[in-house]
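*Asks:* give the three-dimensional model of this entry:
(chains A and B)
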There are 2 protein chains.
Amino acid sequence: MGNELAAYADLRARLRRAHVLGSVAGLLGWDEQVNLPPGAAAQRGEQMALMAGLEHAEASAPALGAAIAACEAAPGDALDKDARVVVAAARRDYDRATKLPAELVSEKARLSSEAYHAWAAARAARDFPAFAPFLEKHLEIARREAELLGYGERPYDLAIDRHDPGLDAARIDALFAELRAGLVPLARRIDARAEEARARGEGPLALKGFDVGAQRELVRRVTARLGFDYERGRLDVSLHPFCGGAGDDLRLTTRFDADNPLDALYSSIHEAGHGMYEQGLAREHAGTALAQAAGMAAHESQSRLWENQVARSRAFWRWLEPELRAAFPGPLAGVSGEQLHAAANAVEPGGMIRVDADEVHYNLHILLRFDLEKRLFAGTLRVAELPEAWDALCEELLGRRPAHVGEGVLQDVHWSGGAFGYFPSYTLGNMMAAQLWATARAKLPGIEDDFARGEFDRLLGWLRAEVHARGRREDAFALTRRVTGGELGAGALLGYLEERYG
Amino acid sequence: MGNELAAYADLRARLRRAHVLGSVAGLLGWDEQVNLPPGAAAQRGEQMALMAGLEHAEASAPALGAAIAACEAAPGDALDKDARVVVAAARRDYDRATKLPAELVSEKARLSSEAYHAWAAARAARDFPAFAPFLEKHLEIARREAELLGYGERPYDLAIDRHDPGLDAARIDALFAELRAGLVPLARRIDARAEEARARGEGPLALKGFDVGAQRELVRRVTARLGFDYERGRLDVSLHPFCGGAGDDLRLTTRFDADNPLDALYSSIHEAGHGMYEQGLAREHAGTALAQAAGMAAHESQSRLWENQVARSRAFWRWLEPELRAAFPGPLAGVSGEQLHAAANAVEPGGMIRVDADEVHYNLHILLRFDLEKRLFAGTLRVAELPEAWDALCEELLGRRPAHVGEGVLQDVHWSGGAFGYFPSYTLGNMMAAQLWATARAKLPGIEDDFARGEFDRLLGWLRAEVHARGRREDAFALTRRVTGGELGAGALLGYLEERYG
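*Replies:* Numbers count the residues shown, from 1 in each chain, chains lettered A, B, ... in the order given. Below is the predicted model of the structure:
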C-alpha cells in the first residue's frame, strides 16, 4: 500500500500547484481589504480576474483530469484510504471546474472586486439602489453557474453545497425549524427580562477611552495564548473582520473602537478560531482534501467554539480579567469583574447588526438571511423588494426595523462577493460548536479549570486531533457523528444557550 | 497611420497580460518585505517561484513571438513611430526571455526569496559566511544567464545592460574615472574642513524624541505636497526603504527612527521620486515600452533630483521648516533653522552606510561596489575574499574600515536578489539628476521661489512631459541629450556638489 502510483504523484503535484496559485489570489484579496489605495480598485480587479482565470485553467486542465482518471482506474490496492479521499475530492472539484467556462469565472472575480467597493460606498451612503445592480448581476451569474452544473431547478442548493458539501435548502429548513421552535420562545423570555432590567433603569455598561494600540497588544496576546501561531500569521485592520491567507501565512483582521474593547477582542478570537483550524491542517498534504477544511459549518464551529463556549465562560474570564486590568488600568477603574463578564455576555434585544449580535439573537439574523436568499433564488422576491422584505422579516424575528439600509440589508459583505448560501453555515456552525463542546467537557475532565489558568493546550490538542487534522475526510454530518456520537441537530445549542442565558 | 494591425492589438493585449501578472508578483515581493510572518518564508518562496514561472511562460510564449514577427513583417506605414518602439522593445525582451529556460528563472526567484531572509539574518548576526553560499549561487546563476544570452565572455555587461540598456562596464569605467578625478579631491577638501570643525568641538546636531506617528504624518504630507498621489499609493515600513507596486497602486516604504526624523523624511522623498516617475507613465499603454521607465539610471535621476536638488535646497527649507516645527514643537525647541538645514546637508567623512551617506560621499560608496562587482565577475576576486576586499577599498575611498560586516559587505539588500550591475545606476542617476536640474533651472525661471512656497507643480509638470511621459522611447544617453542638450557626464554633478558643499 505505497501510493507509489505515478499518476497519484502527478495528481498531488498538480493539486499543490493549484493550491499555491490560489494562495497568491488569496493574498490579493486580503490586500484589497487591508491595504488597497482607493484609486487602485480597477487595477486590482484586473489582477484578480487574471489570477482567477489562471486558477480556473489549473483546476480544469486536461492533464489533471487524466491524472484523476488514471488513479481511478488503478487496481484496488494501489491507493490507500486517504489517497482515495484525495482522488474522490479531486474528481468532484474537477468536474465542477470543467463545467464552468473560464470567462464566467473571470467575470465573477471582476464583478466581486467592483461590487466590494460599490458595497462599501453604498453602505456608507445608505444607498441600496447603488448596490442593487451588482447584486442582480451576481444572482444572474449564480443562476448561470447552476444551469451549467446541473442545478438548474435549484440554484440555491448549489450555492449551499459549495460551502458545505452534502447540504441543501431542504435539510437546512428542517434543522432551522427545529432550532426556531426552541429559540424564539427562549429569545422572547430573554428579551422580556432585558426589558424589565431596562425598566428598572439598568443600562449596558458604558466603556470609554481604550487606547487602540493597547487593544491591539491585548488582542495579540490573548489570541496567541489560545494557540494562534503568530510565527505563521498576522493581525491587521479591515472594515469587516476576516481570516485570510493560507498555510504558514494566516492573516486575521479586526477593527478597533476606543469605546468598545470587547468588539475587537471577540471578533479576533473568532477569526483566530478559523486561523487555528487552518494552522492545524496537515501542511505536507497542502492542496489535497487531506489538508482542507471539512466545510464552512465545520470552520464556523471552530471560530464559535473559541469565541463563545470558551471565551465568554466564567472560567476564561478568571484568567482574562487581570490581563484586561493590566492593559487598561485607567478605563477599568471602578468597573467590577462581574460587570465586565456580564458585558461580554450581554444580550441586546432588537440589535440590528449581525456581527454585533449576542449568541442568542445571532441565529435569528441567520434565519432571516436564509429565508431571503431562498426567496431570491426561488424568484419569489426581487432585488428591488429586498430592503422592504428585510425590514419586515427583521421586525418579525428581532422585534424592530433597521433605521436605514446601512444597519439593514447592506450590513454584510458576503453578497458583494456573490457568496450566497454561506450564511446558514454560521448557525450550523453554532450547532456543531455546541455539540463539540458538550463532548469536550465530557472527555476532558476539568477543562474549564485549564481556562481559568490561561491554559488552552488540551482543548486545542483535542480539536487538532478530532477535527483539524482530519481535513476533508468527512462532511459536517459525518464529522459530528464520529466525534460526538450523535446526529447534527439543534438540541445541544438550545441546551447551551438555555444554560448560559436562560 | 492607424496601428490597426490585428497583430499589433494582439501584441499589446499579450504585453498587458504579462504586465498584470508581473504586478501580482510585484505585490508578493512588496508584501514579503512589509508583512511576511517569519515562518512563511518557504511558502512565499514557493509562491514567487510559481509566479516567476508563469511570468516567464507569458514572456516567452510562441504566440507572443508570432505577434512580434507579424508586426515586424507589416508594411512600413502600418505602424507609427510609437508602435515601432513597442515592437522593437518587445523583440528585445522576447529574445532574452526565450533564451532562458523556465527552470532557471524559477530557481533564481526561489533563491532570491531564501537569500533575502538569509541576508537579513546574517546582517543582524554579522555573519558573512552564513550569506556567502547564497551569493555564490547567485553569481553562478548570473554566469549561466550570460552564457545563454550570448554574454559568456562578459557576464557583468549583461548584468548592467539589464538595468540600463546600452550601458556596459567599459563606458561606466570611463564616466566613473571622470567623476573620480573631480570627486576625490573635493571629498578630501570637505573631509578636512569637517575634521577642523570637529577639532573646534563642533559636533553633529543631536535630535531626540520625534514621535514616530507624527513623523509618519509629516512624511505623508510632504511627499503628497511634492506630487506623490496617495489616491494611487501607500506608505509603509520595511527594513530597507523601496518603491514597489505598479500603475495605480504604487507603494513606498521607509523606516522610522525617533532620534533621526530626517532619515525617514529623505528616504521617503527619494522613494516618492521613484513613485512619481511610475505614476507619470502613460497608464493606457501599461505593459508596453511606452509606459516603462527608460532605465534604472533615469529612475534614480528622478528620486535623487527630488531628494537632493529639491529637498536639500535652502528654498525648500523655507517651506519645510514651519511644517517641521508644527509637527514637532517640543523636540525642535531651541534648534535654529540654520542648524536644521545644515543637518539636512551635513557631510560625514568616514560614514560606512551607503543609504545614510551624504551626497558627496555617496558616490564613493558606489565606486567601491562597482569595482568589487567588476572583479567578482572577472574572477579576480572570490566571494570568500569579499569582506577583506570591501574593507580595504573602503579604507582607500572613504578613509576608514567598517567595524563589522553589518556596516560593511552585508549592508545592502541588492545582492540577495541577484541584482548585480544595479549599483552604478545610482551614481549615473546622480549625474543625470544634476544635468536635468541645471536645465530645469534655466528653463523654469524662479523655480526655487516655487519651492519656498511649497509649490512643486511646475517642476513635476516639466519632468512629467520631458521624462515620465516619454517612457522607454530613449535610453539614458539619448534622454539626457534631448532634454539637456549635452552628453551624459560628470561635469554637472561635480559643479552642483562644488556649489553646494565646496
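*Asks:* what sits against A:T480?
*Replies:* Contacts of A:T480 were listed using CB atoms under 8 Å, 6 or more residues apart in numbering or on different chains, and they are A:432, A:435-436, A:486-488. Glycine gets a C-beta too; all of them are placed from N, C-alpha and C.
*Asks:* and the furthest pair within those?
*Replies:* A:L436 and A:E487 (13.6 Å; CB to CB).
*Asks:* from the contacts of A:T480, which is closest to B:L27?
*Replies:* Distances from B:L27 to the contacts of A:T480, taken by CB to CB, are shortest for A:M432, at 36.1 Å.
*Asks:* state the distance from A:P37 to A:L21.
*Replies:* A:P37 sits 25 Å away from A:L21, going by CB to CB, to the nearest Å.
*Asks:* okay, A:L436 and A:E487: which has more neighbours?
*Replies:* A:L436 (25 against 10; other CB atoms under 10 Å in any protein chain shown).
*Asks:* how about the helix or strand where that one lies: buried residues?
*Replies:* For A:L436, the element it lies in under DSSP states H and E is helix A:423-443. Buried residues in helix A:423-443, defined by neighbour count with 16 or more other CB atoms under 10 Å in any protein chain shown: A:423-440.
*Asks:* same deal with stretch A:467-477?
*Replies:* Neighbour-count burial for stretch A:467-477 [16+ other CB under 10 Å]: A:467-468, A:470-477.
*Asks:* what residues are up against the residue in the stretch 301-450 of chain A positioned nearest to chain B?
*Replies:* Closest residue of the stretch 301-450 of chain A to chain B, CB to the nearest CB: A:G417 (19.1 Å). A:G417 makes contact with A:112, A:115-116 under the criterion CB under 8 Å, 6+ apart.
*Asks:* got these as TSV, with secondary structure and distance to chain B columns?
*Replies:* Formatted as TSV, those follow (DSSP: H, G, I helix; E, B strand; the rest coil; distance: CB to the nearest CB, whole Å):
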residue	secondary structure	distance to chain B
A:S112	helix	16
A:A115	helix	19
A:Y116	helix	15
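*Asks:* save those as JSON lines, and put in neighbour count and pLDDT too.
*Replies:* JSON lines is the format used below for the contacts of A:G417 (neighbours: other CB atoms under 10 Å in any protein chain shown; pLDDT from 0 to 100):
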{"residue": "A:S112", "neighbour count": "22", "pLDDT": "92"}
{"residue": "A:A115", "neighbour count": "24", "pLDDT": "96"}
{"residue": "A:Y116", "neighbour count": "23", "pLDDT": "92"}
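*Asks:* please produce TSV containing these, extended by distance to B:D77.
*Replies:* Compiled in TSV, those are given as follows (distance: CB to CB, whole Å):
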residue	distance to B:D77
A:S112	44
A:A115	45
A:Y116	46
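*Asks:* just give me the closest of these to B:G408.
*Replies:* Among the contacts of A:G417, A:Y116 lies closest to B:G408 (CB to CB), at 48.0 Å.
*Asks:* measure that closest one to A:A109 for me?
*Replies:* Per CB to CB, A:Y116 is found 11 Å from A:A109.
*Asks:* contacting residues around the nearest residue to A:W119 once chain neighbours are set aside?
*Replies:* Nearest residue to A:W119 in three dimensions, chain neighbours excluded: A:S416, at 3.8 Å (CB to CB, 6 or more residues apart in numbering or on different chains). Residues in contact with A:S416 (CB under 8 Å, 6+ apart) are A:112, A:115-116, A:118-119, A:131, A:134, A:138.
*Asks:* same thing but at 10 Å, please
*Replies:* Neighbouring residues of A:S416 by CB atoms under 10 Å, 6 or more residues apart in numbering or on different chains: A:111-120, A:122-123, A:131, A:134-135, A:138, A:240, A:410.
*Asks:* what of A:Q302?
*Replies:* A:270, A:272-278, A:280, A:293, A:429, A:432-433, A:436, A:463, A:467-468.
*Asks:* list the buried residues of the strand or helix carrying A:A326.
*Replies:* According to DSSP H and E, A:A326 maps onto helix A:314-327. For helix A:314-327, the buried set under the neighbour-count rule, 16+ other CB under 10 Å, comprises A:316-321, A:324, A:327.
*Asks:* which strands and helices lie in contact with it?
*Replies:* Helix A:314-327 is packed against helix A:212-226, helix A:261-279, helix A:329-332, helix A:337-344, helix A:447-452, with contacts defined by 3 or more CB pairs under 10 Å, 6 or more residues apart in numbering or on different chains; DSSP states H and E.
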